[in-house]
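Asker: My questions are about this predicted structure, shown below with the sequence.
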Amino acid sequence: MNKVLKIGLIGILLLGLVLIRFYEHELFSDPLLEFYSSEFSYAQAPDFDVMQVLGSTSWRFLLNSIISIAIIGIVFPYRKTVLFAAVFYALAYLILTLLFWFFINDMERENFLTIFYIRRFLIQPIFVLVLLPAFYYQKYSVKEKD
């Protein structure tokens, strides 16, 4: 794949991530969006359906993950790299969703910040920002050893 096409595809995928963030209120019915937009430290926990919040958060994680793995696949078009990224995202989803479910089932004030950060990892494409430099470092550190 030529360089211009790669950059164009990555740009389109990045635009997709931006649009997910920009239209989050329309795309995802998440009562925690409003809660964490306010001064939540002193607020009461909102009433919500736990399964609905988990479903909405999972849907957003899936969309961000597909786009992020596609970006990784374009930058590093190696089957093992893409497979590793997909497995990483799947394991991260399982671990973070279990933690998220555990904490929001009985949402207490002392857990608001913990829930905020776990949720942040689930709804924002943070892992792509970690994996891209890691794969880049791994690619060029292995190349130097040869």
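Answerer: Ah, there it is.
Asker: rest of the way, CA atoms for contacts and neighbours
Answerer: Noted.
Asker: now this protein, which segments are flagged as low pLDDT?
Answerer: 33, 36-43, 143-146 (pLDDT under 70).
Asker: Can you show me the helices along this protein?
Answerer: Along the chain, the segments classed as helices by DSSP state H run 3-22, 24-27, 31-37, 50-75, 79-105, 112-123, 126-145.
Asker: centre of the chain versus stretch 82-102, how much separation?
Answerer: Here stretch 82-102 is found 10 Å from its chain centre; the criterion is CA atoms, centre = their mean, to the nearest Å.
Asker: How about stretch 76-93?
Answerer: That offset, for stretch 76-93, works out to 14 Å (CA atoms, centre = their mean).
Asker: Could you list the buried residues of that stretch?
Answerer: Within stretch 76-93, the residues that count as buried by 16 or more other CA atoms under 10 Å are 76, 81, 82, 85, 86, 89, 93.
Asker: ok so, going back, columns distance to residue 44 on top of the helices of the chain, output as CSV?
Answerer: Below are the helices of the chain laid out as CSV (distance: least, CA to CA, whole Å):
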stretch, distance to residue 44
helix 3-22, 25
helix 24-27, 21
helix 31-37, 9
helix 50-75, 16
helix 79-105, 13
helix 112-123, 10
helix 126-145, 28
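Asker: nearest to residue 47, of the buried residues of stretch 76-93?
Answerer: residue 93 (24.1 Å; CA to CA).
Asker: wait, that closest one sits on residue 122?
Answerer: Yes. The pair residue 93 / residue 122 is scored as a contact, 7.2 Å apart, by CA atoms under 8 Å.
Asker: Show me whatever sits in contact with both of these two.
Answerer: Taking CA atoms under 8 Å, 6 or more residues apart in numbering as the contact rule, the neighbours common to residue 93 and residue 122 are residue 61.
Asker: Can you tell me which of the buried residues of stretch 76-93 is nearest residue 5?
Answerer: So of the buried residues of stretch 76-93, ranked by how close each gets to residue 5 (CA to CA), first place is residue 76, at 14.1 Å.
Asker: For that closest one, list the residues it contacts.
Answerer: By CA under 8 Å, 6+ apart, the contact set of residue 76 is 82, 135.
Asker: What backbone torsions are found at it?
Answerer: Main-chain dihedrals, residue 76, degrees, to the nearest 10: phi -120, psi 90.
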